[in-house]
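J.: mind looking at a prediction? Sequence and model below.
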Amino acid sequence: MQKVWILVLRLILSSCLSLCTLPVPGWHVAANLGPRLPGKFCTKFNDDSVKHDTQRTCKNYIDVYVNSLDSPQTVLPFEYSRFDFCQSNKAALSTQNLGQVLSGNRLQLSPLQIVFLKNQKCKVLCRKVYKQGNRKSEQQLHFLKQAIKWGYQHNWVVDDLPVRFCFEIAGSSMRDYCTAGFPVGCYMNGTKSTCFSNPRFNQENVFYINNHLDIIIGYQKIFSEAAGTENVGNADIYMYHIAYAQVKPKSIGYQVEHNSSHDECSNVRSAAKSMSIPFGRLMDDISITYTYTVRFEEIQGQTFLSRWDRVSSAVNVEIFWFSLFNTLIEVAFMALLILVGFSRSQREFSRYKHGEKSENCSKQVVPGWLQLRGKVFRPPRRCKVLLASFIGNGVQILTTVVVTLSLAVFGLLVPANRGGLLSCIVFSYFASGLPSGFVAAKIYNSFYRVSRCQKGSNLALTGVTAFLCPGLIFAVIFILNLIHQYKGSALVIPFQYAAALVSMWIGVSVPLTWLGIFLGSGKKSHVHTEKLSETDGFPSSDIVRLSGNRCHLCGQIYRLLIGGTLPFGSLFIQLFFIMNSLWFHQIFTHYGFLSMTVVLYAILCGLTTIVLCFFQLRKENSSWRWQSFLRAGFTGVYIFLDSIRYFFLKSEITGIASSLLYFGYSLIIAFVMFLLSGTLGYLACFLFVSKMYGR
């Protein structure tokens, strides 16, 4: 248990220090936040002994890192070491933050040896032999063929940049489409092919493996005076930045000559056909030779901030502007509708308040909705603690979203900081327990004339607020983690990190939630909780009640459906690209558009709930509390339904395990959006009712 708490303290301190981008001596803690500057490379080193000299400000040896392999057809990434590829003598990196562990990033050094500005025609990396009848060889080859069949792709990193793979798409206006990974190989059969229409891959039921890589590295010379040059011996050393790294995978069937060292490609003879692997069992020994070439090319007119433009998802920003414009029109329409309705209601209230009477009646005629002043502030009939806890958890999620998007917009969560986004979300959520408990206590106290939390109910409110919703999310994650553990996926959360997360939940979030409830229950809430009479403000003998249609259930269903339609429509475009980023492993960098969309979504969510709440009050139905939360929270239901549509119509995910993982993660996202949307809708309706019926 002591080791778990030490790990918790290290994770918290690492996150705090990452905000200031300060390293901790002896811990090798990588900074998670802040713009990552590209490395400085130089040349004209004649002595190979200085290649790994860490005291220099520049280096001439390029380290290539390999990450976990993933596939758009599964939700099960696997570590590079699980495959029988060329392995490095060095183990996986131990300097991983919490976000990297949770996202399945397992970086390790590759065996490639690349010297800066030194082109290499062809070099043999390693050679793998699979013998017939050898059980281990057949298992390794079978796992490799399954990876090719399911479309797994390599994810390499050079100077914090993903190595991109560009190819042409038939019928597309784009010249090249680039992704942040390249395929392990391709598989040909009668119904499905992953070979990009290469004429060399023409055999049915054959696996082709990409065993040769043409690596292209673009670099840029530093011309700034601050960079300058260094003097090593009598030679000037110019400094350079790496602009991009690109790879062109090929499948080449090599034939190895006997009694050769296999260091250079001259010792192997290239066959005319590609490197193919038969579909069934091995009928003969198979030898796979992995080779690579390196070529450097200089580019000009590019800053280090635009390096990610070549690997981020190619999206026409006009579609974002179009979506924002449509949302603005919806917001303006709903705001105008509320303004007109609220003005009319205030005029009616003022007219009947001063005793104006109808022309055909000697008594005062008052619509029923004006007589709800003593009812609208009554507490809900059922589940008062549950409603307050839901709103408190929604505020916690809202705080997390605001903090994360603020850091992302200011460039502190760039994609080069792997795991930084997820680490920020986790720590922000745990640290947001204070506003969660404070708002939950204020909402719960608004149900009564006196502070009920001071009478002993704060413990129950703390338990429900701090444990119910996070506990449900943790339970789903635990089940999904069991699936990852069974499949041997890289997304499995190790026990020490799972224990650390639970410890931070119990040791950080729960005490902060209790403290927030304690602070929120200190004073009586300043809302109108008095039990007023139905005819407050009107002489009862002069009132003729105009009762409306009291079939409240008839309108609840369609209001529930309408409540989440407009907010979901404002998020639809962004959800599409976020889905592609999650399930197609694309890089999402449009945080500015996402922030503007979230702001408009919050406004539209509140305005839509206010309009529906106003219609409900006009029908003389004062039970608005739970209904306002559920109507806005129905956005989460629409998001889950959209994930079902995306699964069957857009995604390529197959398999029972991957399907369960997909719907499990989608359920978590939908539940989070249900709490967030419901909280926004309730708070907006609460302010509207307080303004409309307040003294």
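T.: Thanks, I have the structure now. Numbering: from 1, shown residues only.

J.: gap between stretch 439-449 and the chain center?
T.: Put simply, stretch 439-449 sits 33 Å off its chain's centre (Cα atoms, centre = their mean, to the nearest Å).

J.: just give me the neighbour total for the closest residue in space to residue 279 that isn't next to it in sequence.
T.: The shortest distance from residue 279 to any non-neighbouring residue, by Cβ to Cβ, 6 or more residues apart in numbering, is to residue 205 (4.3 Å). Any C-beta I mention is one placed from the backbone N, CA and C, and that applies to glycine too. Neighbour count of residue 205, defined by other Cβ atoms under 10 Å: 11.

J.: isn't residue 205 right up against residue 188?
T.: Yes: using Cβ atoms under 8 Å, residue 205 is in contact with residue 188, at 7.0 Å.

J.: point out where the stretch 151-300 of the chain drops to low pLDDT.
T.: Low-confidence regions of the stretch 151-300 of the chain, defined by pLDDT under 70, span residues 169-176, 189-202, 223-237, 256-264, 266-272.

J.: in the stretch 551-695 of the chain, which spans are helices?
T.: Assigned by DSSP state H, counting those that start in this stretch, the stretch 551-695 of the chain shows helices spanning 552-563, 565-583, 591-618, 625-649, 656-693.

J.: closest one to residue 105 among the ones you listed?
T.: helix 565-583 (14.7 Å; Cβ to Cβ).

J.: what is the closest one packed up against?
T.: helix 318-353, helix 591-618, helix 625-649, helix 656-693 (3 or more Cβ pairs under 8 Å, 6 or more residues apart in numbering; DSSP states H and E).

J.: and of these, who's closest to residue 431?
T.: Nearest of the helices and strands packed on helix 565-583 to residue 431, taken as Cβ to Cβ: helix 656-693 at 16.9 Å.

J.: would residue 129 count as being in a strand?
T.: Yes: Residue 129 sits within a strand when classified using DSSP: H, G, I helix; E, B strand; the rest coil.

J.: so what's it bridging to?
T.: residue 287 (DSSP bridges).

J.: tell me the contacts of it?
T.: 137, 285, 286, 287, 288 (Cβ atoms under 8 Å, 6 or more residues apart in numbering).

J.: pipe those into JSON lines and attach neighbour count and distance to residue 430 per row.
T.: Listed next are the contacts of residue 129 as JSON lines, based on neighbours: other Cβ atoms under 10 Å; distance: Cβ to Cβ, whole Å:
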{"residue": "137", "neighbour count": "18", "distance to residue 430": "47"}
{"residue": "285", "neighbour count": "12", "distance to residue 430": "55"}
{"residue": "286", "neighbour count": "17", "distance to residue 430": "51"}
{"residue": "287", "neighbour count": "15", "distance to residue 430": "52"}
{"residue": "288", "neighbour count": "19", "distance to residue 430": "47"}
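
J.: looking at these, spot the one nearest residue 410.
T.: Nearest member of the contacts of residue 129 to residue 410, counting by Cβ to Cβ, is residue 288, at 47.2 Å.

J.: contact partners for that closest one?
T.: Contacts of residue 288 by Cβ under 8 Å, 6+ apart are 127, 128, 129, 130, 209, 211, 275.

J.: count the residues that sit near the last one.
T.: To tie it back to what came earlier, the one meant is residue 275. That count, for residue 275 with other Cβ under 10 Å as the rule, works out to 22.

J.: and it, how far from residue 291?
T.: According to Cβ to Cβ, to the nearest Å, residue 275 and residue 291 sit 10 Å apart.

J.: got any residues that touch both of those two?
T.: Counting by Cβ under 8 Å, 6+ apart, the residues touching both residue 275 and residue 291 are 211, 252, 254.

J.: closest one of the residues you listed to residue 581?
T.: residue 211 (30.0 Å).

J.: how far away is the closest one from residue 608?
T.: 57 Å.

J.: quick check, pLDDT for residue 642.
T.: Predicted confidence (pLDDT) for residue 642: 93.

J.: which residue packs closest to it, ignoring adjacent ones?
T.: In space, residue 642 is closest to residue 575, 6.6 Å off (Cβ to Cβ, 6+ apart).

J.: what about that neighbour, how many residues nearby?
T.: For residue 575, using other Cβ under 10 Å, the count is 19.

J.: could you do residue 682 as well?
T.: 28.

J.: what about the stretch 1-150 of the chain, any weak spots by pLDDT?
T.: For the stretch 1-150 of the chain (pLDDT under 70), the answer is 1-38, 43-57, 90-95.

J.: tell me where it has helices.
T.: 2-19, 98-103, 135-149.

J.: related to what we said a few turns ago, any idea which of the helices of the stretch 551-695 of the chain gets closest to residue 335?
T.: Nearest of the helices of the stretch 551-695 of the chain (Cβ to Cβ): helix 591-618, 6.0 Å.

J.: how far away is residue 84 from residue 336?
T.: The gap separating residue 84 from residue 336 is 65 Å, by Cβ to Cβ.

J.: same drill for the two, tell me which one is more crowded.
T.: The neighbour comparison of residue 84 against residue 336 (other Cβ under 10 Å) goes to residue 84, with 16 against 11.

J.: for that one, grab phi and psi.
T.: phi -90, psi 60 (degrees, to the nearest 10).

J.: correct me if wrong: it contacts residue 142.
T.: No: taking Cβ under 8 Å as the definition, residue 84 is not a contact partner of residue 142, at 10.5 Å.

J.: make a markdown table out of the contacts of residue 129 and add distance to residue 65.
T.: Converted to a markdown table, these look like this (distance: Cβ to Cβ, whole Å):
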| residue | distance to residue 65 |
| --- | --- |
| 137 | 28 |
| 285 | 32 |
| 286 | 28 |
| 287 | 27 |
| 288 | 22 |
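
J.: ok, for residue 609, nearest residue in space, not its chain neighbours?
T.: residue 681 is the one closest to residue 609 (Cβ to Cβ, 6+ apart), at 3.6 Å.

J.: OK, contacts around that neighbour?
T.: Contacts of residue 681 (Cβ under 8 Å, 6+ apart): 563, 605, 606, 608, 609, 628, 629, 631, 632, 633.

J.: try it again with 6 Å
T.: 605, 609, 628, 632 (Cβ atoms under 6 Å, 6 or more residues apart in numbering).

J.: need the contact list for the second one.
T.: Okay, so that is residue 609. Residue 609 touches 628, 631, 632, 681, 684, 685, counting by Cβ under 6 Å, 6+ apart.

J.: widest-spaced pair of those?
T.: Checking the contacts of residue 609 with Cβ to Cβ, the most distant pair is 631 and 684, at 10.9 Å.

J.: higher neighbour count, those two?
T.: Comparing residue 631 with residue 684 by other Cβ under 10 Å, the one with more neighbours is residue 631, at 28 against 21.

J.: measure that one to residue 615 for me?
T.: For residue 631 relative to residue 615 (Cβ to Cβ), the value is 11 Å.
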